[in-house]
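J.: missing the sequence, but the structure's below:
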Ligand code: CA
């Protein structure tokens, strides 16, 4: 079955060029030139779309608003953000809003294709995981992408959830910051490695109250580990 990509870009020449290249690589491509249009087409084709390639600067709703609306519905479809901007701040807000990857224009088509392959491979691994994990009284349901404590939902952001899931899947192993960065943020993430520390702190703030001992251990000079005893 062909992989379907929703391509959102308002620039005529670029959208037709990208569409052509993607089709040449055997992807099915749905195009949209405005944010509103992208959301409509996404909603109408949700079941078959495997990836969004989304321009940041769009007339009407911009790319960031599109991502936020999709993520608000707890939808984790992979999204690659395209932008002409080159500020780290924007990159962080794009990734924070839930983009999986980020590519700065102008880019080489091969670079985009490589990133698409990485993301699709990554998301395939994720969709195969529908286990439920138990940590004390905390339950992580990978299918529902939800963490609960008893009957209460523990509110985690996309990134916090991914980090927790990754730590659980490697329970007992010490993971370096770089490994966590690759696994959770993706190999193409270009921000600072200390974003890992920031998100570990977020998770601790939200989760430690449910456990007698801190859930995530700091391994000095290495990184972090979710202890074996947290079961
Ligand atoms: Ca644009």
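T.: Received the coordinates, thanks. Here the structure is a predicted model, which means the values were calculated and not measured.
J.: drop to CA atoms for contacts and neighbour counts, all remaining ones
T.: Fine.
J.: so which residues of the chain form helices?
T.: Ranges of helices within the chain are 12-24, 35-45, 63-72, 88-97, 109-127, 158-169, 177-180, 195-207, based on DSSP state H.
J.: how about the ones you listed, which one is nearest residue 224?
T.: Ranking those by proximity to residue 224 (CA to CA) places helix 177-180 first, at 7.4 Å.
J.: just list what that closest one packs against, helices and strands only.
T.: Taking 3 or more CA pairs under 8 Å, 6 or more residues apart in numbering; DSSP states H and E as contact, there are no helices or strands that helix 177-180 lies on.
J.: rewinding a little: mean neighbour count added to the helices of the chain, as TSV?
T.: Converted to TSV, the helices of the chain look like this (neighbours: other CA atoms under 10 Å):
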stretch	mean neighbour count
helix 12-24	14
helix 35-45	17
helix 63-72	19
helix 88-97	17
helix 109-127	14
helix 158-169	19
helix 177-180	18
helix 195-207	15
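J.: mind putting the ones you listed in a markdown table, distance to the ion and mean pLDDT included?
T.: Listed next are the helices of the chain as a markdown table, based on distance: least, CA to the ion, whole Å; pLDDT from 0 to 100:
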| stretch | distance to the ion | mean pLDDT |
| --- | --- | --- |
| helix 12-24 | 9 | 97 |
| helix 35-45 | 10 | 95 |
| helix 63-72 | 9 | 92 |
| helix 88-97 | 15 | 72 |
| helix 109-127 | 16 | 83 |
| helix 158-169 | 26 | 92 |
| helix 177-180 | 32 | 90 |
| helix 195-207 | 28 | 95 |
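J.: distance to residue 213 for those helices - can I get that in JSON lines?
T.: Below are the helices of the chain laid out as JSON lines (distance: least, CA to CA, whole Å):
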{"stretch": "helix 12-24", "distance to residue 213": "50"}
{"stretch": "helix 35-45", "distance to residue 213": "43"}
{"stretch": "helix 63-72", "distance to residue 213": "32"}
{"stretch": "helix 88-97", "distance to residue 213": "29"}
{"stretch": "helix 109-127", "distance to residue 213": "29"}
{"stretch": "helix 158-169", "distance to residue 213": "16"}
{"stretch": "helix 177-180", "distance to residue 213": "22"}
{"stretch": "helix 195-207", "distance to residue 213": "11"}
